[in-house]
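Engineer: Here is my input; please provide its structure:
(one chain, ligands or ions: 2)
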Amino acid sequence: MLCNYHTHTKRCRHAIGTDREYVESAIKAGIKVLGFSDHAPYLFDGNYYSSYRMFTNEISEYKNSVMALKREYKNDIDIKFGFELEYYKDKHAREMEFLRKFEPEYLILGQHFVGSEPQGDYVRFLNGDGALKTYVDECIEGLRTGDFLYLAHPDIAGYDFSETAVDKEYTRLLEFCKQNGYPIEINVLGITSNRWYNKRKIFSLAKEIGNDVIIGIDAHSPSAISKSAYERAKELVEGLNLNIIDKLEI
Ligand SMILES: [Zn+2]
Ligand SMILES: [Zn+2]
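Structural biologist: Ligands and ions are numbered 1, 2, ... in the order given. Here you go, the predicted structure:
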């Protein structure tokens, strides 16, 4: 059964298409569960503007749109209303209090910055073993809150880490996920856009540790949602014989 819990909308300002087009694409691809998980608006201090997420005053319209599609298409597909969110330690409680008012059905953890924004570091440019440790610490701490359904693109942390650190830190992260029942994501966007996060190495470790994995399209356009997205994800981990799961309990 094909499911996808990682879908964006144009509200984040780097995705295109209408919400309806995402749904139509998903139905055409034979997907049974489509979760919208756009980048959550964030309550920052001061007037910092985060350029890759919706504004806080767009959240009601986002919810209304997704919920209306959920009703309209209920016989064809199970639509879920969610967000992708970072874990920023000292802002998390306030952020959750804000988001909970809109009753999201689920959140996925996508740790795009360590520390926080705007002072923190974009994960793409993390380098040095200490930085990888911080990334892993924050992912674990975030998941420990119990607020997240799964960890998106676990392999998104930068480059230039020693092999020893990669083994050590990812073993720690993956063991935590395994013990606490969190699947890790094979991120299709990382593969199809040839980004830096399509690291087979992390999934070979996941095989050793016995993690469940889930395919997340991370769709930023309706056309990204297709049957071939799942094939691309499987190619990355071909031969590893991972336990790829589909439907999640929400
Ligand atoms: Zn995005
Ligand atoms: Zn995403």
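Engineer: for the lowest-mean-pLDDT helix or strand in the chain, packing partners?
Structural biologist: Lowest by mean pLDDT, DSSP states H and E among the helices and strands of the chain is strand 121-122, with a mean of 90. Strand 121-122 is packed against strand 113-114, with contacts defined by 3 or more C-beta pairs under 8 Å, 6 or more residues apart in numbering; DSSP states H and E. (Each C-beta comes from the backbone N, C-alpha and C, glycine too.)
Engineer: Need the nearest residue in space to the residue nearest the centre of the chain, chain neighbours excluded.
Structural biologist: In the chain, the C-alpha nearest the mean C-alpha coordinate belongs to Ala152, at 3.3 Å (C-alpha atoms, centre = their mean). Nearest residue to Ala152, sequence neighbours excluded (C-beta to C-beta, 6 or more residues apart in numbering): Gly110, at 4.1 Å.
Engineer: quick one: contacts for the one you found?
Structural biologist: Taking C-beta atoms under 8 Å, 6 or more residues apart in numbering, we find Gly110 in contact with His39, Glu84, Leu85, Glu86, Ala152, His153, Ile156.
Engineer: Within the helices and strands, which one has Gly130?
Structural biologist: Element membership of Gly130, judged by DSSP states H and E, is helix 129-144.
Engineer: so after that helix, what's the next helix or strand?
Structural biologist: strand 150-151.
Engineer: do that following strand and ligand 2 meet?
Structural biologist: No. Judged by C-beta under 5 Å from the ion, strand 150-151 and ligand 2 are separated, with a smallest distance of 11.8 Å.
Engineer: contacting residues around whichever helix or strand comes after that strand?
Structural biologist: Per DSSP H and E, the first helix or strand lying C-terminal to strand 150-151 is helix 163-180. Contacts with helix 163-180, where a contact means C-beta under 8 Å, 6+ apart, come from 129, 132-133, 135-136, 139-140, 143-144, 151, 154, 161, 182-184, 201-202, 205-206, 209-211.
Engineer: part of a strand, is Glu208?
Structural biologist: No. Counting by DSSP: H, G, I helix; E, B strand; the rest coil, Glu208 falls outside a strand, being helix.
Engineer: Let the chain start at 482 from now.
Structural biologist: Sure thing, new numbering starts at 482, so read that last one as Glu689.
Engineer: residues in contact with the least confident helix or strand of the chain?
Structural biologist: Taking C-beta under 8 Å, 6+ apart as the rule, strand 602-603 contacts His593, Phe594, Val595, Gly596, Ala612.
Engineer: So in that sheet, which strands flank it, and in what orientation?
Structural biologist: As defined by DSSP bridges, the strand partners of strand 602-603 come to strand 594-595 (antiparallel).
Engineer: what residues does the partner strand touch?
Structural biologist: Glu567, Tyr569, Gly601, Asp602, Tyr603, Val604, Leu607, Ala612, Thr615, Tyr616, Glu619.
Engineer: burial of the third one, as a residue count?
Structural biologist: When you say that, I think you mean Gly601. 16 (other C-beta atoms under 10 Å).
Engineer: The residue lying closest to it once chain neighbours are set aside and Asn675, how far apart?
Structural biologist: Leaving aside its chain neighbours, Gly601 sits nearest to Phe594 (4.2 Å; criterion: C-beta to C-beta, 6+ apart). Separation of Phe594 from Asn675 (C-beta to C-beta, to the nearest Å) stands at 22 Å.
Engineer: Who has more neighbours out of these two?
Structural biologist: Remark: of Phe594 and Asn675, Phe594 carries more neighbours, 20 against 7, as counted by other C-beta under 10 Å.
Engineer: And the pLDDT for the more buried one?
Structural biologist: Predicted confidence (pLDDT) for Phe594: 95.
Engineer: For it, name its beta-bridge partners.
Structural biologist: In beta-bridge terms (that is, DSSP bridges), Phe594 pairs with Tyr603.
Engineer: Check the gap between it and Leu524 for me.
Structural biologist: According to C-beta to C-beta, Phe594 stands 15 Å off from Leu524.
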